[in-house]
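from the sequence below, what's the structure:
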Amino acid sequence: MTSPARFTLEQLRGFVAVAEEAHFGRAAARLRITQPPLSRQVQKLERSLEVELLVRTPRAVLLTPAGEAFLPEARRMLSLADAAPSAARNAARGTTGRLRVGFTAISALTVLGTWIRVVGSELPDVELTLTELVTREQIDALLAGEIHVGLARGIPASDLLSARRVHAETLVLACPRGHPLTELGRPPSLAEIAAHDIVTYGPVAARYLHELVISTFHGVGAQPRYVQQVGQVHSLLALVDAGVGVGLVPRSASSLRLPNLTFTEVSGLRPDVVETHCVWRTEHDNPALDALLRLAAPVSS
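Next up, the predicted model:
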């Protein structure tokens, strides 16, 4: 078996300079060295490769067939060597690399678009992979190392994860068109809403919104009639559009339109009752994630 050739970057640079200048003197001047060291570099390279790369003629230095084949490879190796330090520094700064992001359907209407624009403008060499997951699935994916960061509802109960609030909004009421609650001339109260059939969220598939709706009505002493439970906001809107009942949804969901669907404010609700958090593994080794958090999810002052 032939042993691998061993050569230095200086030898490659010397060979490329002579090949491009077709003259040892001009190549030496270009490299700012004298001609004898340059000749020795090329000779060592030829011995290492066990081939003749150059031939001298009275007028110029010419490439042999082996030299012609080796020249583009030498240029490529030099280019990689020149780029390697920058690539390492960029990776350490988080300006290159990969980011796998999990998101909920509603966070796609609020935070996700900003994140995509930030990565595109500030971290253009970071490869972004987006996966829609409900909050429970995001937490599982984070713990399994399948995603780097998630846009989720609520703060996870895990010492392995960190969270930061990135968005807050209120709830609005989704109603079928012509519903009595839309004809009051004012935002309905929670007590008035509780007198009607309500579509709400399931305790497992949509735990955060399930508990939020229950606590919102409980806080005013209302006892709603829940007629259906769903796992996704867009599923709730589809049932409301079909006339099954009314439902509380994050305000951002009001940008979704269906033929028989309308939205109205709710009296007495806090403006920041619905929260979205970005969640990530506390112990991670992804500089691109640190860069994203710094640019798109700064710590609140």
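
for residue 229, report the pLDDT, please.
As summarised for this prediction, residue 229 has a pLDDT of 97.

repeat that for the one 5 residues further on.
pLDDT for residue 234: 93.

so it sits against residue 256, correct?
Yes - when contacts are counted by Cβ atoms under 8 Å, residue 234 is listed as touching residue 256 (6.5 Å). C-beta here means a position set from N, CA and C on the backbone, and glycine is covered the same way.

what's the separation between the residue nearest to residue 232 when sequence neighbours are not counted and residue 233?
Closest residue to residue 232 apart from its sequence neighbours, by Cβ to Cβ, 6 or more residues apart in numbering: residue 105 at 6.1 Å. Going from residue 105 to residue 233 by Cβ to Cβ, to the nearest Å gives 6 Å.

settle it for me: which of those two has more neighbours?
Here residue 105 and residue 233 are set side by side on neighbour count (other Cβ atoms under 10 Å), and the busier one is residue 233, at 23 against 16.

residue ranges with poor pLDDT in the stretch 1-150 of the chain?
Along the stretch 1-150 of the chain, the parts satisfying pLDDT under 70 run over 1-4, 83-95.

okay, strands next: where are they in it?
Taking DSSP state E, counting those that start in this stretch as the criterion, the stretch 1-150 of the chain contains strands spanning 54-56, 61-63, 96-103, 125-132, 149-153.

pairing partners for the second one, with directions?
Using DSSP bridges, the strands paired with strand 61-63 are strand 54-56 (antiparallel).

deepest-packed of the strands of the stretch 1-150 of the chain, please.
strand 149-153 (a mean of 26; mean count of other Cβ atoms under 10 Å).

which secondary structure elements does the helix or strand just after it contact?
Helices and strands here follow DSSP states H and E; after strand 149-153, the next one along the chain is strand 161-169. In this structure, strand 161-169 makes packing contacts with helix 107-110, helix 135-143, strand 274-281, judged by 3 or more Cβ pairs under 8 Å, 6 or more residues apart in numbering; DSSP states H and E.

go with 10 Å
helix 107-110, helix 112-122, helix 135-143, strand 149-153, strand 247-250, strand 274-281, helix 287-296 (3 or more Cβ pairs under 10 Å, 6 or more residues apart in numbering; DSSP states H and E).

relative to residue 52, which of these is closest?
Ranking these by proximity to residue 52 (Cβ to Cβ) places helix 287-296 first, at 46.0 Å.

dump the C-alpha coordinates for that closest one into CSV.
As requested, C-alpha coordinates have been extracted for helix 287-296 and formatted as CSV (Å, rounded to 0.1, in the frame of the first residue of the first chain):
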residue,chain,number,x,y,z
PRO,A,287,-23.4,28.6,19.4
ALA,A,288,-26.0,29.3,16.7
LEU,A,289,-28.7,28.9,19.3
ASP,A,290,-27.0,31.4,21.6
ALA,A,291,-26.8,33.8,18.6
LEU,A,292,-30.5,33.4,17.9
LEU,A,293,-31.5,33.9,21.5
ARG,A,294,-29.3,37.0,21.7
LEU,A,295,-30.8,38.5,18.5
ALA,A,296,-34.4,37.3,18.5
